[in-house]
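Enquirer: Build me a model:
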Amino acid sequence: MGRIVLNRDRCKACYLCVDACPKKVLGADNQVNALGYYPVKVNNVEECIGCAMCARVCPDIAIEKVYR
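Expert: Model (predicted):
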């Protein structure tokens, strides 16, 4: 299938991806990024199914799907 890769310094913390994730594996990080936002992080990487719904809704192209 694949997995997602987050670019934390591009994330503006809109959290659209958090709502779009069917497995609810995404959440807010507790450290700010270079832009001063609390970016998204993967909480349960084992639960991620690689569907890339998060990447599809990200307006900042901060998430991409990579294939194994």
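Enquirer: pLDDT weak spots in the protein?
Expert: 1, 68 (pLDDT under 70).
Enquirer: the helices in it, which residues?
Expert: 16-20, 53-57 (DSSP state H).
Enquirer: Any chance of those helices in JSON lines with distance to residue 41 as columns?
Expert: Any C-beta I mention is one placed from the backbone N, CA and C, and that applies to glycine too. Below are the helices of the chain laid out as JSON lines (distance: least, Cβ to Cβ, whole Å):
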{"stretch": "helix 16-20", "distance to residue 41": "10"}
{"stretch": "helix 53-57", "distance to residue 41": "12"}
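Enquirer: of all these, which lies closest to residue 35?
Expert: With Cβ to Cβ as the criterion, residue 35 lies closest to helix 16-20 of the helices of the chain, at 16.1 Å.
Enquirer: how far out from the middle of the chain is that closest one?
Expert: When distances are taken as Cα atoms, centre = their mean, to the nearest Å, helix 16-20 is centred 8 Å away from the chain's centroid.
Enquirer: Alpha carbons only: can I get that helix in PDB?
Expert: The C-alpha coordinates for helix 16-20 follow below in PDB (Å, rounded to 0.1, in the frame of the first residue of the first chain):
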ATOM      1  CA  LEU A  16      -8.500  19.200   8.000                       C
ATOM      2  CA  CYS A  17      -6.400  16.100   7.700                       C
ATOM      3  CA  VAL A  18      -7.300  15.100  11.300                       C
ATOM      4  CA  ASP A  19     -11.000  15.100  10.400                       C
ATOM      5  CA  ALA A  20     -10.400  13.300   7.100                       C
END
